[in-house]
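Trainee: Return atomic coordinates for the entry below.
(chains A and B)
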Amino acid sequence: MSEASPRLRTFALVFGIAFALLYLICDMGRLPLFTYHPGTDRIDFGWVPARRDEGPAMYWYGWIAASLIGATALGVLAALLPDRVAGKIPLSLCWIVPVLLTPVIIYSLGFYWRW
Amino acid sequence: MDFLLDYISVNTFWTILLIVHGLLAVALLGALTHQAMAVLMPVRGAAGSDHFMARFRAVSGPRYANAVCLLWVICFILGAWLYTKYRIYVRIPIEQEGFWKTLGVFELKEHLTTFGLACLPIYWLLWKNAGKREYDSARKWLTAWLAAICWFAFLVGHIVNNVRGYGS
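Mentor: This next block holds a predicted model:
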């Protein structure tokens, strides 16, 4: 099996970490790239509230798109770092960051945990 | 896709899509559970290798990596597609019934599966370099984390489906 290049390893690692962080920021900060209105198939740029008589608004796709762009950019930038610097990013962050962010995501859904 | 609707109803189309999504999730769950068991409780030596659990754990983890990535992506795309209909035809009636925690865990499922999706590039890379000992720990815990997300998503999907039902 071929060895992974250090740059590919750095990109994949930073992409995963950055995506989780950016996704959380986009979710909690109301920062979707776009808003989708499934009732009318309308797409608006940025965060737009649901329109009267047009059904709900969906932000999830917009959060993913924004996080994808940001994480890709950060991953590419990290891959350009010298190997001795990039090699110091702990590999364990690939699972520690999303695990640590999970309670925050649960907290962000506080609206639903009503009894 | 419109030509399909000449032969089947809109309801049938979305129901088939939901069933395919569920079946692929079963395959993903099986693959990830095998792989997670193999890294968390590896079989050492030949002792007990005839037992069911030993065989269950004795799979070759790297062989599952491509399938896991592919299944996760396909399940995610199908789920994202279904989500548009869920938002209108499933979520709104559940809101009207006041099942807020059911909706909450479903939202959590969407968030966690998205986290999982973003982990796939490093997951794939760690498994494609299964011979590297310095990757062992990250590979083990990332696989366990993805398996945990998959189990959670699978169970929550079932719960929500049980609340509203097929063809709704």
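Trainee: Show me which helix or strand of chain B is least confident by mean pLDDT.
Mentor: helix B:52-57 (a mean of 73; mean pLDDT, DSSP states H and E).
Trainee: What mean pLDDT does the helix or strand just after that helix get?
Mentor: Downstream of helix B:52-57, the next assigned helix or strand under DSSP states H and E is helix B:62-85. Averaging pLDDT along helix B:62-85 gives 95.
Trainee: just checking, what packs against the least confident helix or strand of chain B?
Mentor: helix B:10-40 (3 or more Cβ pairs under 8 Å, 6 or more residues apart in numbering or on different chains; DSSP states H and E). In short, each C-beta sits where N, CA and C put it, glycine included.
Trainee: middle-most residue in chain A, spatially?
Mentor: The centroid of chain A falls nearest to residue A:23 when counting by Cα atoms, centre = their mean (2.8 Å).
Trainee: got the contact list for that one?
Mentor: Going by Cβ atoms under 8 Å, 6 or more residues apart in numbering or on different chains, residue A:23 touches A:63, A:64, A:67, B:111, B:114, B:115, B:118.
Trainee: And residue B:164, by the same measure?
Mentor: Here residue B:164 is in contact with B:90, B:93, B:94 (criterion: Cβ under 8 Å, 6+ apart).
Trainee: Residue B:92 versus that one, what's the distance?
Mentor: Applying Cβ to Cβ, to the nearest Å, the value for residue B:164 to residue B:92 is 10 Å.
Trainee: Quick one: residues contacting residue 108.
Mentor: Defaulting to chain A. Contact analysis of residue A:108 by Cβ under 8 Å, 6+ apart lists A:24, A:27, A:28.
Trainee: ah, no, chain B please
Mentor: When the contact criterion is Cβ under 8 Å, 6+ apart, the partners of residue B:108 are A:105, A:106, A:109, B:152, B:156.
Trainee: Any of those residues buried? List them.
Mentor: Buried members of the contacts of residue B:108, scored by 16 or more other Cβ atoms under 10 Å in any protein chain shown, are A:105, A:106, A:109, B:156.
Trainee: Closest one of those residues to residue B:31?
Mentor: Nearest to residue B:31 among those: residue B:156, at 19.2 Å, using Cβ to Cβ.
Trainee: I'd say the closest one and residue B:106 touch.
Mentor: Yes: with contact defined as Cβ atoms under 8 Å, residue B:156 counts as touching residue B:106 (5.8 Å).
Trainee: Please enumerate the strands of chain A.
Mentor: Along chain A, counting by DSSP state E, strands occupy A:34-37, A:42-45.
Trainee: Determine which stretch of those is the most buried.
Mentor: Stretch with highest mean neighbour count among the strands of chain A: strand A:34-37 (a mean of 20; mean count of other Cβ atoms under 10 Å in any protein chain shown).
Trainee: other SSEs contacting that strand?
Mentor: By 3+ Cβ pairs under 8 Å, 6+ apart, strand A:34-37 packs against strand A:42-45, helix A:60-79.
Trainee: Now do the first one: which elements does it pack against?
Mentor: Here strand A:42-45 touches strand A:34-37, going by 3+ Cβ pairs under 8 Å, 6+ apart.
Trainee: Residue ranges in chain A under the pLDDT threshold?
Mentor: A:1-4, A:115 (pLDDT under 70).
Trainee: In it, which residue sits closest to chain B?
Mentor: When scored by Cβ to the nearest Cβ, chain A has residue A:112 as its residue closest to chain B, at 2.7 Å.
Trainee: Nearest residue to that residue in space, please, no chain neighbours.
Mentor: Of all residues not flanking residue A:112 in the chain, residue B:104 sits nearest, at 2.7 Å (Cβ to Cβ, 6 or more residues apart in numbering or on different chains).
Trainee: can you pull the buried residues of the strand or helix carrying the one you found?
Mentor: Secondary-structure assignment from DSSP H and E places residue B:104 in helix B:100-128. By 16+ other Cβ under 10 Å, the buried positions in helix B:100-128 come out as B:100, B:102-128.
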